[in-house]
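A.B. asks: Generate coordinates for the sequence data below:
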Amino acid sequence: MARRILVDPAPLVESRDFRLLFIGQLISTVGAQLTVVAIPFQIYAETHSSFQVGAISIVQLVPLVIGSLVGGSVGDAADRRLLLLVSSVALALSSGALALNAMAAHPALWALYAISAVAAGLTGFANPARNSIVPHLVGHDNLVAALSFLQVLYQVGSVAGPAVAGVLIGHTGVAWVYGIDAITYLAVMLTTAMMRPIPPAPGAARPGLRSVVDGIRFLRGRQVMQGAYLIDINAMVFGMPRALFPAIGLTVLHGGPSVVGYLFAAPGIGALLGALTTGWVNAIDRRGRAVIVAVIIWGIAITGFGFSRVLWLTMVLLAVAGWADVISAVLRNTILQTTVSEQFRSRIIAIQLAVVQGGPRVGDLESGGVASLAGTQFSVVSGGIACVIGAVVMTFAMPMFARHRASDVAGHATRVDPMAVGPIAQDGLAEP
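C.D. replies: Have a look, this model is predicted:
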């Protein structure tokens with residue numbers, strides 16, 4: 001019974017390189033989540049503006065999207081292990097720059113915007129390579145479990161990072177937080193260097209604008225892939241009010257930095273529990289419908305969060321939202337990874353990551369802007385309701401996505417190129 005519920009440990013047991021990837025990313029993710037809390041806290045402390053908190057996310061959005069698209073193009077044509085090494089060094093330097101700025105007598109607000117934008121671009125560049133190598137490390141049979149473990153490490157970081165950040169900010173200041181983040185990238189450098197090279201797939205396009213455009217064109221007519229992107233955009237733009245966490249923690253719940261940290265950590269607690277108990281997810285056949293249901297649960301939980309004025313209830317509702325989000329994320333990642341040709345894998349994952357990380361940044365501006373005009377509670381509640389409505393609309397607007405089944409993919413044969421790193425799915429699996 002427990003084996004059917006808990007996440008399958010096979011990827012960590014059987015794949016040395018996946019273990020290395022997991023360990024390095026776990027450490028660096030905790031560090032990165034420290035900075036995720038420190039930047040909005042520092043901005044709100046200096047400006048007392050939720051709009052400013054949302055605005056810095058928008059400044060990060062363009063370089064993040066561009067970095068993801070470029071990284072996807074390069075990732076399909078280069079050694080992805082080398083890309084991870086280079087980007088880790090650059091990200092460590094950017095976190096160090098944030099620490100130096102915070103140590104100044106009068107930290108520059110423009111520097112926070114500029115350095116954050118550069119770091120977002122670097123993160124976007126690295127993420128397609130990091131995510132697209134997973135099928136090569138674990139194989140098709142262990143893919144759902146491996147993607148669940150990636151969610152586990154991210155959610156551990158999402159829980160531990162904000163909780164520790166709240167304590168550190170209150171006792172040592174944000175400079176120490178940024179410095180610790182920079183140091184954690186050393187773990188990524190070490191574990192990535194120990195991994196075997198991951199050469200590009202045979203026939204991969206040369207990196208460049210044409211390669212990026214070809215990746216976007218690959219989505220044409222593939223409603224299942226399009227739906228996986230759009231359902232997440234809906235959830236993150238309307239139902240992710242993290243830009244309001246500092247204001248809610250400090251003014252609505254009347255707490256301090258630790259309470260703000262708790263709010264950032266609460267969705268991660270629920271998501272971590274969800275990721276650790278995804279053994280049953282692999283048995284879901286109607287994956288498209290399951291994603292839609294998970295997003296509706298997310299929206300309902302966020303709506304309830306908007307009405308809460310009690311810390312424990314607020315934490316529970318955010319945890320429920322996080323649980324639903326991780327189920328949606330594992331299923332969406334699996335849908336994309338199993339319906340894409342190998343030659344396009346990094347580019348399609350790049351678009352996904354641009355959506356996954358760009359959507360919350362647009363959501364920051366939306367929630368911060370609405371809060372400035374109509375109040376914090378209205379912003380959260382209206383966003384949660386809009387998220388639910390959007391998910392229902394998706395059922396009718398994207399019927400191929402809503403009807404997508406795991407057995408649809410399993411029922412097709414896969415063509416294996418003996419010279420390739422892994423299996424190459426036939427074109428057209430996503431749509432007839």
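A.B. asks: Which parts of the stretch 301-432 of the chain are helices?
C.D. replies: 311-337, 345-374, 376-397, 399-402, 406-410 (DSSP state H, counting those that start in this stretch).
A.B. asks: buried set for the fourth one?
C.D. replies: Along helix 399-402, these residues count as buried under the neighbour rule (16 or more other CB atoms under 10 Å): 400-402. Placement of C-beta: from N, CA and C, glycine included.
A.B. asks: Check stretch 93-106 too.
C.D. replies: So, applying 16+ other CB under 10 Å, buried residues of stretch 93-106: 94-99, 101-102.
A.B. asks: Tell me which of the residues you listed fall in helices.
C.D. replies: 94-99, 101-102 (DSSP state H).
A.B. asks: Between those residues, which sits nearest Leu353?
C.D. replies: Proximity of those to Leu353 (CB to CB) peaks at Ser94, which lies at 18.1 Å.
A.B. asks: and the angle for the longest helix anywhere in the chain with helix 345-374?
C.D. replies: With residue count as the measure and DSSP H as the assignment, the chain has helix 16-47 as its longest helix. Orientation note: helix 16-47 sits at an angle of 20 degrees relative to helix 345-374 (axes from the mean of the first three to the mean of the last three CA atoms, to 10 degrees).
A.B. asks: Determine how far helix 16-47 lies from the middle of the whole chain.
C.D. replies: 12 Å (CA atoms, centre = their mean, to the nearest Å).
A.B. asks: and the next element down the chain from that helix?
C.D. replies: Downstream of helix 16-47, the next assigned helix or strand under DSSP states H and E is helix 50-75.
A.B. asks: now the closest residue to Val118 other than its chain neighbours: how far from Met189?
C.D. replies: Excluding the flanking residues, the one nearest Val118 by CB to CB, 6 or more residues apart in numbering is Ser94, at 5.6 Å. Relative to Met189, Ser94 is positioned 14 Å away (CB to CB, to the nearest Å).
A.B. asks: Would you mind giving the secondary structure of the residue at the greatest distance from the centre of the chain?
C.D. replies: Most distant from the centre of the chain: Ala105, at 34.0 Å, with distances by CA atoms, centre = their mean. Three-state call for Ala105 (DSSP: H, G, I helix; E, B strand; the rest coil): coil.
A.B. asks: and Phe125, how many neighbours?
C.D. replies: 26 (other CB atoms under 10 Å).
A.B. asks: do Thr47 as well
C.D. replies: Thr47 is flanked by 13 other residues according to other CB under 10 Å.
A.B. asks: Can you give me every residue that contacts the residue nearest to it when sequence neighbours are not counted?
C.D. replies: Using CB to CB, 6+ apart and skipping the chain neighbours, the partner closest in space to Thr47 is Leu109 (7.4 Å). Going by CB atoms under 8 Å, 6 or more residues apart in numbering, Leu109 touches 43, 46-47.
A.B. asks: Nearest to Arg287, out of the residues you listed: which one, please.
C.D. replies: The closest of the contacts of Leu109, once distances to Arg287 are taken by CB to CB, is Ile43, at 38.4 Å.
A.B. asks: Any figure for the gap between that closest one and Tyr113?
C.D. replies: The gap separating Ile43 from Tyr113 is 9 Å, by CB to CB.
A.B. asks: sorry, back to before: got CSV for the ones in helices among the buried residues of stretch 93-106, with pLDDT too?
C.D. replies: What follows is those, written out as CSV (pLDDT from 0 to 100):
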residue, pLDDT
Ser94, 93
Ser95, 91
Gly96, 92
Ala97, 93
Leu98, 93
Ala99, 92
Asn101, 91
Ala102, 88
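A.B. asks: For the residues you listed, work out which two are farthest apart.
C.D. replies: Ser94 and Ala102 (13.0 Å).
A.B. asks: Contacts only, for His404.
C.D. replies: By CB under 8 Å, 6+ apart, the contact list for His404 reads 224, 227, 286-288, 335.
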